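> Return atomic coordinates for the entry below.
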Amino acid sequence: MSVVLIVSLLPLLLIGRSVSDCDDIECNQIEEYPDSSVVFSAVIFRHGDRAPELPEVYANDPYKSEERYWPGGFGNLLKRGRQREYTLGKFLRHRYSMLLPETYYYHDINVTSSDLDRTITSALCVLAGLYLPQAYDHDMDSDIVAPVIPVHAINMNNDMYIMFKKNCPRYAKELDSARELKYNETLSQGMGPVYDYLTKYTGQTIDCITDVNRIHTALLIQREQGYPAPAWTQGPQYPLQQIEYIGGLSFYVRANSKVQQRLAGGPLVTKIIDAMLNKRNGSLSPDYKMMLFSGHDTTVSIILHTLGYDKVVKPDFGSSIIFELHCINNQYYVKVFFKPSGFSNQMIPVQFPSCHLPTMCSLDEFKAVHEHLRISIDQWMHECRDGFDGMSNGFTIIC
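From the prediction side, this is the model:
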């Protein structure tokens, strides 16, 4: 996997509970700490709050001046976004204080990001919360001595894990078909006036579910930043519920079929399952305790739906999927959670009906349930081009 190395200046003094004998995998539950059986965690999270991206800026947008309203640049992380990711890092420090030592060691954690400023910066903010002393909670800009913690950014053209931009004609065809199908379904459900309404007030043609989601996203960002909402978005005539529904569909269609789930979600799910298997076998090298993946709303939604999560989800900034490998009485189990927000401690268990236990799967069960998703790079390349020789059509723009 091609990566670019990005470094972070983070504090030398670190927070959390001290860890005594956790370097060796011990399969004994410590009653005082209910999560002390965790021996490995993988966290996929969305970047923090950002400015609108250029495709989200509409013709009649009162806040389309980048210089005036978004001086950090379109698409880049906002102050609130940095705070949100820092809070996520503090949550991870608290939850995994028995797993992850206070002092950074390069064999303990691996951090991977898509190759965009907002995801790289978000990863650095999570690391700041994960390792920064409590003394600096309210002063993240302090001039402090810091070690170097790397964030590995995957080149966009090679990214089949997080941003899903690596060329895959078969997936692109599946996505186009799913989008057209869902668009036609919204028309048959009587939602055509929603597209007409947005076209009228945005000053540009809105004729697909992706367009609706972009407008909705821009309005949400502006509201969170405290900018007054346009008059046409207020009052009973504004079809908010339908807009939210259509916007959610733009995420659902990305992992709508088994083919999409295998090609878009399979590579990252494979990487995490392989890491857990190697952790159990003592062959994970380096022997990481934690893997972080800094991505996008599309990353979170695709992996959720790939895992069988059946609700339409528009992932919030800082939302995450958390995989935990537990060792209890010399047996290995997997728990998966969806954390809807970086500012909230709420964790929703992802259930797997095929597993025997209600709140977790044995590692072997988890592997078996998702065996159809496991895919090598060579398999991925072959399946992406199966029936599409000579075509070049990569993944589409993400949000």
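
> hey, where'd the strands end up in the chain?
Counting by DSSP state E, one finds strands in the chain at the ranges 3-9, 38-46, 109-114, 148-154, 290-295, 320-328, 331-339, 348-349, 361-362.

> Of the ones you listed, which is nearest residue 192?
Evaluated with CB to CB, these place strand 38-46 nearest to residue 192, the distance being 31.1 Å. The C-beta positions use only the backbone N, C-alpha and C, and glycine is treated the same way.

> how much does the closest one deviate in direction from strand 109-114?
If you take axes from the mean of the first three to the mean of the last three CA atoms, to 10 degrees, strand 38-46 sits at 20 degrees to strand 109-114.

> helices or strands up against strand 38-46?
Packing contacts for strand 38-46, counted by 3 or more CB pairs under 8 Å, 6 or more residues apart in numbering; DSSP states H and E, involve helix 79-95, helix 266-281, strand 290-295, helix 297-306, strand 320-328.

> any weak-confidence spans in the stretch 1-150 of the chain?
Residues of the stretch 1-150 of the chain meeting the criterion pLDDT under 70: 1-35, 132-147.

> follow-up on the earlier one: for residue 225, find the nearest of the helices and strands packed on strand 38-46.
Once those are compared by CB to CB, helix 79-95 is nearest, at 7.6 Å.

> Now do the closest one against strand 331-339: the angle between them, please.
For helix 79-95 against strand 331-339, the angle between stretch directions is 160 degrees (the same axes, to 10 degrees).

> Who are the packing partners of helix 79-95?
Helices and strands touching helix 79-95, as assessed by 3+ CB pairs under 8 Å, 6+ apart, comprise strand 38-46, helix 117-131.

> Show me which parts of that helix are buried, residue by residue.
Of the residues in helix 79-95, those scored as buried under the neighbour-count criterion (16 or more other CB atoms under 10 Å) are 80-93, 95.

> from those residues, which is closest to residue 149?
Comparing the buried residues of helix 79-95 against residue 149 with CB to CB places residue 89 closest, at 11.4 Å.

> Residue 321 versus the closest residue to that closest one other than its chain neighbours, what's the distance?
What sits nearest to residue 89 in space, not counting adjacent residues and going by CB to CB, 6 or more residues apart in numbering, is residue 129, at 2.3 Å. When CB to CB, to the nearest Å is applied, the distance between residue 129 and residue 321 equals 18 Å.

> now do residue 357
Between residue 357 and residue 321 the computed distance is 19 Å (CB to CB).

> Of those two, which one has the most company?
Under the criterion of other CB atoms under 10 Å, the comparison of residue 357 against residue 321 puts residue 321 first, with 26 against 11.

> Can you give me the pLDDT of the more buried one?
Predicted confidence (pLDDT) at residue 321: the value is 98.

> Check residue 282 too.
Residue 282 is assigned a predicted lDDT (pLDDT) of 96.

> Give me the neighbour count for it.
Other residues lying near residue 282 total 9 when counted by other CB under 10 Å.

> give me phi/psi at it?
Its backbone dihedrals place residue 282 at phi 80, psi 20, with angles given as degrees, to the nearest 10.

> how far away is it from residue 330?
Per CB to CB, residue 282 is found 13 Å from residue 330.

> Over to residue 382?
Here residue 382 is placed at a distance of 39 Å from residue 330 (CB to CB).

> try residue 71
Applying CB to CB, the value for residue 71 to residue 330 is 56 Å.

> and if you look at residue 273?
Counting by CB to CB, the separation of residue 273 from residue 330 is 20 Å.

> Those two: who's more crowded?
Counting neighbours by other CB under 10 Å for residue 273 and for residue 330 shows that residue 273 has the greater number, 20 against 9.

> Tell me how many other residues crowd the closest residue to that one other than its chain neighbours.
With CB to CB, 6+ apart as the criterion, residue 273 has its nearest non-adjacent residue at 5.8 Å, and that residue is residue 367. The tally of other residues near residue 367 (other CB under 10 Å) stands at 16.

> burial measure for residue 127, as a count.
By the criterion of other CB under 10 Å, residue 127 has 24 neighbours.

> Next one: it from residue 380, what distance?
Going from residue 127 to residue 380 by CB to CB gives 29 Å.

> Dump the helices and strands packed on helix 79-95 to a markdown table, plus distance to residue 202.
Written out in a markdown table, the entries for the helices and strands packed on helix 79-95 read as follows (distance: least, CB to CB, whole Å):
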| stretch | distance to residue 202 |
| --- | --- |
| strand 38-46 | 25 |
| helix 117-131 | 24 |
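
> Of those, which is nearest residue 374?
Taking CB to CB, strand 38-46 is the member of the helices and strands packed on helix 79-95 nearest to residue 374, at 15.1 Å.

> distance between that closest one and the chain's centre?
11 Å (CA atoms, centre = their mean, to the nearest Å).

> Same check on stretch 103-119?
Using CA atoms, centre = their mean, the mean C-alpha position of stretch 103-119 is found 14 Å from that of the whole chain.

> Next, the buried residues of it.
By neighbour count on 16+ other CB under 10 Å, the buried set for stretch 103-119 is 104, 108-119.

> Quote the end-to-end distance of it.
For stretch 103-119, the separation between the terminal residues is 24 Å (CA to CA, to the nearest Å).

> Quick one: distance of the lengthiest helix in the chain to the chain centre.
The helix of greatest length in the chain, counted in residues with DSSP state H as the criterion, is given as helix 169-188. When C-alpha coordinates are averaged (CA atoms, centre = their mean), helix 169-188 and its chain have centres 23 Å apart.

> next one: stretch 310-330
Relative to its parent chain, stretch 310-330 has a centroid offset of 10 Å by CA atoms, centre = their mean.

> Would you format the buried residues of stretch 103-119 as JSON lines with distance to residue 254 included?
Compiled in JSON lines, the buried residues of stretch 103-119 are given as follows (distance: CB to CB, whole Å):
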{"residue": "104", "distance to residue 254": "35"}
{"residue": "108", "distance to residue 254": "32"}
{"residue": "109", "distance to residue 254": "28"}
{"residue": "110", "distance to residue 254": "25"}
{"residue": "111", "distance to residue 254": "24"}
{"residue": "112", "distance to residue 254": "20"}
{"residue": "113", "distance to residue 254": "20"}
{"residue": "114", "distance to residue 254": "15"}
{"residue": "115", "distance to residue 254": "19"}
{"residue": "116", "distance to residue 254": "18"}
{"residue": "117", "distance to residue 254": "23"}
{"residue": "118", "distance to residue 254": "19"}
{"residue": "119", "distance to residue 254": "17"}
